[in-house]
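*Asks:* Below is the sequence, then the predicted model.
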Number of protein chains: 2
Amino acid sequence: MEMKSVTRSLRVLEAVAQHQPVTVGELTKIFGLPKSTVQRTLLTLNEAGWLRANRKDTTRWEIGARVLAVRPAALQGSSLFAAAREPMIRLRDVLNETIHLSVPDALHSVVVVDRVDCDHAVRTFHAIGDTSPLHATASGHAVLAHLAKADVDEVAAGTLEGYGEETITDPVQLRSELQRVRKRGYAVNHNQYLQGVCAIAAPVLDGDGVPLAAVAVSLPDSRFEPGRLPELGRLVAETAAEITARHQA
Amino acid sequence: MEMKSVTRSLRVLEAVAQHQPVTVGELTKIFGLPKSTVQRTLLTLNEAGWLRANRKDTTRWEIGARVLAVRPAALQGSSLFAAAREPMIRLRDVLNETIHLSVPDALHSVVVVDRVDCDHAVRTFHAIGDTSPLHATASGHAVLAHLAKADVDEVAAGTLEGYGEETITDPVQLRSELQRVRKRGYAVNHNQYLQGVCAIAAPVLDGDGVPLAAVAVSLPDSRFEPGRLPELGRLVAETAAEITARHQA
DNA sequence: GCACATCGTTCCACAATGCGGCACACTCGC
DNA sequence: GCGAGTGTGCCGCATTGTGGAACGATGTGC
């Protein structure tokens, strides 16, 4: 159950996405694979509609639009994605800080699915599609705090990797932090994952209380004022609540 | 250069996207393939991170978040996508009709990459990722009107498939329509592609005048008032111009 | 509560399939 | 016009994925 050609093709697809528009030669250097192998892969992906030749330089490849039809369930239709957009923009307008929408993914991580930028010259940056660990981010905590006990156990039982001084690597500490998150309605990350980056997040829940996503405001350490935390937390939680309401409507 | 397993895996991926969350059995019925083959494919896609088991029913599969990291060049970073969002929302607020953002793709088509919904009970619907022909849609015409002559020739030389009474299937007629689109700054589709659906679109151009995308307002025939066309056209064109300006900034 | 239908999962021998070394075609820059 | 750099096409060999069949678990109807 290897399917070498498939896994390799997907790798190539991802590499093309990162480097597009890219040539065969560049890809062979990245992977250290024979030219013919890479090219065959590109042609196959092309015929499947997932790749296409660049308009100007037809020997360069880029991602085709077919991928857009393939999206995680949480984003299908108009549902969550559309519901989140306007509240996120309003929150950005109030705070002028970058807002992220993230959904939980397998393997103990959350993935950024949407973003609204602030206009500060110095700002945090996370691309759509970026993943980060559940146990070391505000969005992760917001989600984790509302998962079933069994799921939390599984995460806590795994290795809680440390990314710096502030990362919570102790299961007991993590649980008590989640308790606090549930109580006040929002999670805070102060340099737990990426140094110099802080975030405040709140969960978007479905009718059964299952966490679908988290909204987060993300800002550089340099602009983080602990005194404003209650205000920020309230605003983020309100935004999350509004998204929840819109989503169910 | 077949790569049967790869093309099949991508097909499976697309099928999962359409039917998620879906089981092995359902997929075997869709494809008429042996269970073991489908199962192996699913496991491979899963290990690559493109698929994941549903949280509640672990025998059902859904799209993983990995796909989000793979996006067409036009949407990479924040650029066009982010630039378009707020002007689109404003346009929707003014008109209360569904707004689409589409980009040209290979094979003579445009693809819907973003959408802002109106709140009418009866409205048009196109999912993100849907493709439609360049020669028979407002967005297509808006793009086509600003492509290089060689590209237009290629499209006009191909078969201009008809979808109803109104579709322009004659190359000469198409060219003169494109001329008109260039002149007034927006394109109009009145039942050319999907019956009962009208749209007005304007192009988003890059610095060199190359069309990157089109914004369109899409509405049911029943709400289309020919008298308001100049007004709608102007609003759409202004929105497109604003997106262009933001995108370059 | 038993037999039967149905589903997901696992195994394995066969041969079809994709692998990658090689050679060709082409385009630059010197 | 030569050489170094591309992208592309070919083809024999062995690796790889194939799919039938058997297994285990679940649940449905009698």
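*Replies:* Ah, there it is.

*Asks:* tell me, how many neighbours does the closest residue to residue A:190 other than its chain neighbours end up with?
*Replies:* Leaving aside its sequence neighbours, residue A:190 sits nearest to residue A:198 (C-beta to C-beta, 6 or more residues apart in numbering or on different chains; 5.2 Å). Where C-beta positions appear, they are placed from N, C-alpha and C, glycine not excepted. The local packing count at residue A:198 equals 24, with neighbours defined by other C-beta atoms under 10 Å in any protein chain shown.

*Asks:* Can you give me the domain boundaries for chain A?
*Replies:* Described in terms of automatic domain parsing, the domain architecture of chain A consists of the residue ranges A:4-69, A:73-248.

*Asks:* First residue to last residue on the last one, what's the distance there?
*Replies:* The first and final residues of domain A:73-248 sit 15 Å from each other (C-alpha to C-alpha, to the nearest Å).

*Asks:* So for DNA strand C, which of the domains of chain A sits nearest?
*Replies:* Closest to DNA strand C of the domains of chain A, according to C-beta to the nearest atom of the strand: domain A:4-69, at 3.3 Å.

*Asks:* tell me the mean pLDDT for the closest one?
*Replies:* Mean pLDDT, computed over domain A:4-69, is 90.

*Asks:* again, but for stretch A:150-170
*Replies:* The average pLDDT for stretch A:150-170 rounds to 87.

*Asks:* How far does it sit from its chain's centre?
*Replies:* Using C-alpha atoms, centre = their mean, to the nearest Å, we find the averaged C-alpha position of stretch A:150-170 to lie 18 Å away from the chain's own average C-alpha position.

*Asks:* what does stretch A:205-225 give?
*Replies:* Taking the mean C-alpha point of stretch A:205-225 and that of its whole chain, the gap between them comes to 11 Å (C-alpha atoms, centre = their mean).

*Asks:* Now that stretch: buried residues?
*Replies:* Judged by neighbour count (16 or more other C-beta atoms under 10 Å in any protein chain shown), stretch A:205-225 contains these buried residues: A:205, A:211, A:212, A:213, A:214, A:215, A:216, A:217, A:218, A:219, A:224.

*Asks:* Contact partners for the residue located most distally from the centre of chain A?
*Replies:* Checked against the mean C-alpha position of chain A, the extreme residue using C-alpha atoms, centre = their mean is residue A:36, at a distance of 34.8 Å. If a contact means C-beta atoms under 8 Å, 6 or more residues apart in numbering or on different chains, then residue A:36 has no contacts.

*Asks:* ok so it is a helix residue?
*Replies:* Yes. Remark: residue A:36 belongs to a helix, assigned using DSSP: H, G, I helix; E, B strand; the rest coil.

*Asks:* hang on, the earlier thing: sec struct for the residue nearest to residue A:190, please.
*Replies:* With three-state DSSP as the criterion, residue A:198 was assigned strand.

*Asks:* Show the secondary-structure elements that the longest helix seen in chain A is packed against.
*Replies:* Among all segments of chain A classified by DSSP state H, the helix with the greatest residue count is helix A:229-248. With contacts taken as 3 or more C-beta pairs under 8 Å, 6 or more residues apart in numbering or on different chains; DSSP states H and E, helix A:229-248 sits against helix A:79-95, strand A:197-205, strand A:211-220.
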